[in-house]
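>>> Requesting a structural model of the entry that follows:
(one chain, ligands or ions: 1)
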Amino acid sequence: MVKKAVIPAAGYGTRFLPATKSSPKEMIPIIDTPVIQYVVEEAVESGITDILMIIGKGKRAIEEHFDRSPILEETLEKKNNLEMLEKIKAISEMANIHFVWQKEMNGLGDAILHAKHHVGNEPFVILLGDTLVQSENGPVTKQLIDVYKQQKGSVIALEEVKPELVSRYGVVDGDAVSENVIRAKNWIEKPSFEEAPSNLAVASRYLFTPEIFSYLETTEPGKNNEIQLTDAMREMVKNHPMFGLKFKGKRYDIGNKLGFLKTNIEFGLNDPEIGDELKGWLKEFAGEL
Ligand code: UTP
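Below you'll find the model as predicted:
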C-alpha cells in the first residue's frame, strides 16, 4: 500500500522575504507549531510511515525540528513540564524521516525528481511543505489513498476556487466519475477565465504512480526556466489514468503574507487556549476599522 511521502521544502520562499532569508518558510509558525509539522502529522494520520523531505541551503532548522533534542528534553523534565516534554519527544518519533538536497532550485518538478531513488517502483504521495489542507472528511492525503485503492491511478487533490481566480492556479480538464472524483483528460496551468475548463484547482496534495518520474526526466524547463510538475502531468495523463478528488474543505497557503495572517487568525480562533480571547479582541478591533 501507499507508505511513502515526499515533502518538497527546498524553495527560496521569495514571497515571504525577509523572514525566509535565513529561516525556512516551512518553519513559519501557525500559532506555535511550524507549518511543516502539521504537514507531517497529516501524512502520518494517513498511514504514511516513511517521509522524504527535499531540502536545500538554509533549511537545517527543518532537520533540527524533527531530530531528538536531549538537552531541551532534560530541561523540561527538570522543570516538571511533562506535557511539553511528551509533545517535544513525539515530534522526533512520528515517522522515519529522510532528507535529500536539491542543490539548485530548478522547480517543483526537479525537486520531486530527487525522490526517484528513494521512492522506487511504488505509488507515493506528495505534500507541499508550505501548505495546509483541512477537510471535514479527515486527512486529505488519506482521501487520495482511498481513491487510489478504487481507481488504481494517480489522484490529485482539487479545490474549488472562484472562477475569476482560476488564472492563478493549475486546473483540471476532465469528466466526473462520481460526485467528487474526476477522470482527468488534461491539466491546464493558469488558464484565463474564458479558457478555463473548470474551476477545480490542483491543491498541493498528490498521489502518483511511479511513472511520474520518467515523465519528469523528459520534461524540459518551462516557466521561469524551471521543471514544472504540471508539464510532466500533462504528458503522463495521455498514457496513464489520472484522477482528481474534489475534497470538501480548505487550503491554507502559508508562503505569502496574506495567507499566513489569515491562517493564523482562523487557527487562533479555534485554539482552545486563546480562541475566546482572540475572538473578543478581533470583534472590538474590527469595530474600529
Ligand atoms: P513555491 O513556488 O510555492 O515555493 O513552490 P517557492 O519557490 O519557495 O516560493 P516563492 O514563489 O519563491 O515565494 C511550492 C513548493 O515546492 C517547493 C517549495 O519549497 C514549496 O514547498 N520547491 C519549489 C522546491 O522544493 N524546489 C524548487 O526548486 C521549487
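>>> Now do the contacts for the residue of the chain found nearest the ligand.
Nearest residue of the chain to the ligand, counting by Cβ to the nearest ligand atom: G11, 2.1 Å away. C-beta here means a position set from N, CA and C on the backbone, and glycine is covered the same way. Residues in contact with G11 (Cβ atoms under 8 Å, 6 or more residues apart in numbering) are K25, G56, M105, L108, A111, D130, G255.
>>> what's the nearest residue to the fourth one if we skip its chain neighbours?
If you skip the residues right next to it in sequence, L108 has L229 as its closest partner in space, 4.8 Å away by Cβ to Cβ, 6 or more residues apart in numbering.
>>> And the one you found, how far from A115?
12 Å (Cβ to Cβ, to the nearest Å).
>>> quick one: which of those two has more around it?
A count of neighbours by other Cβ atoms under 10 Å puts L229 above the other of L229 and A115, at 28 against 25.
>>> List the buried residues in the helix or strand harbouring E41.
Taking DSSP states H and E as the criterion, the element that holds E41 is helix 35-45. By 16 or more other Cβ atoms under 10 Å, the buried positions in helix 35-45 come out as V35, I36, Q37, Y38, V39, V40, E41, E42, A43, V44.
>>> is any part of that helix close to the ligand?
No: Helix 35-45 does not reach the ligand (Cβ under 6 Å from any ligand atom); its nearest approach is 9.0 Å.
>>> Please tell me how far that helix is from the chain's geometric centre.
Distance, stretch centre to chain centre, for helix 35-45: 9 Å (Cα atoms, centre = their mean, to the nearest Å).
>>> How about residues contacting that helix?
Contacts for helix 35-45 (Cβ under 8 Å, 6+ apart): 5, 7, 9, 24-30, 51, 53, 62, 65-66, 91, 94-95, 97, 125, 127-133, 138-142, 254.
>>> repeat that for 6 Å
5, 26, 28, 51, 94-95, 127, 129-130, 132, 139, 141, 254 (Cβ atoms under 6 Å, 6 or more residues apart in numbering).
>>> Tell me which ones among those residues also neighbour the ligand, please.
Applying Cβ under 6 Å from any ligand atom to those, those adjacent to the ligand are G129, D130.
>>> Buried ones among the contacts of helix 35-45?
The buried subset of those (16+ other Cβ under 10 Å) comprises 5, 26, 28, 51, 94-95, 127, 129-130, 132, 139, 141, 254.
>>> hmm, back to that, for the contacts of G11, give me CSV that also has pLDDT.
Shown next, in CSV, are the contacts of G11 (pLDDT from 0 to 100):
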residue, pLDDT
K25, 93
G56, 91
M105, 92
L108, 95
A111, 97
D130, 93
G255, 89
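>>> Return the member of those residues nearest to L76.
Checking those against L76 with Cβ to Cβ, the nearest one is K25 at 27.3 Å.
>>> Might one say that the closest one is in contact with R15?
No: the pair K25 / R15 is not scored as a contact, 8.4 Å apart, by Cβ atoms under 6 Å.
>>> Need the overlap of contacts for the two.
Shared between the contact lists of K25 and R15 (criterion: Cβ under 6 Å, 6+ apart) are residues G255.
>>> Quick check on the two: which one has the bigger neighbour count.
K25 (25 against 16).
>>> Now that one: closest residue in space that isn't a chain neighbour?
G13 is the one closest to K25 (Cβ to Cβ, 6+ apart), at 3.5 Å.
>>> per-residue pLDDT, the closest residue to E211 other than its chain neighbours?
Spatial nearest neighbour of E211, excluding adjacent residues (Cβ to Cβ, 6+ apart): H240 at 5.5 Å. H240 carries a pLDDT value of 97.
>>> which bits of the stretch 101-250 of the chain sit near the ligand?
By Cβ under 6 Å from any ligand atom, the part of the stretch 101-250 of the chain that sits against the ligand consists of Q102, M105, N106, G107, L108, D110, A111, L128, G129, D130.
>>> Tell me which stretches of the stretch 1-150 of the chain form helices.
Ranges of helices within the stretch 1-150 of the chain are 35-45, 60-66, 70-78, 82-91, 108-113, 116-119, 140-151, based on DSSP state H, counting those that start in this stretch.
>>> ranking those by burial, who's on top?
Sort the helices of the stretch 1-150 of the chain by mean neighbour count, taking mean count of other Cβ atoms under 10 Å, and helix 108-113 sits at the top with a mean of 23.
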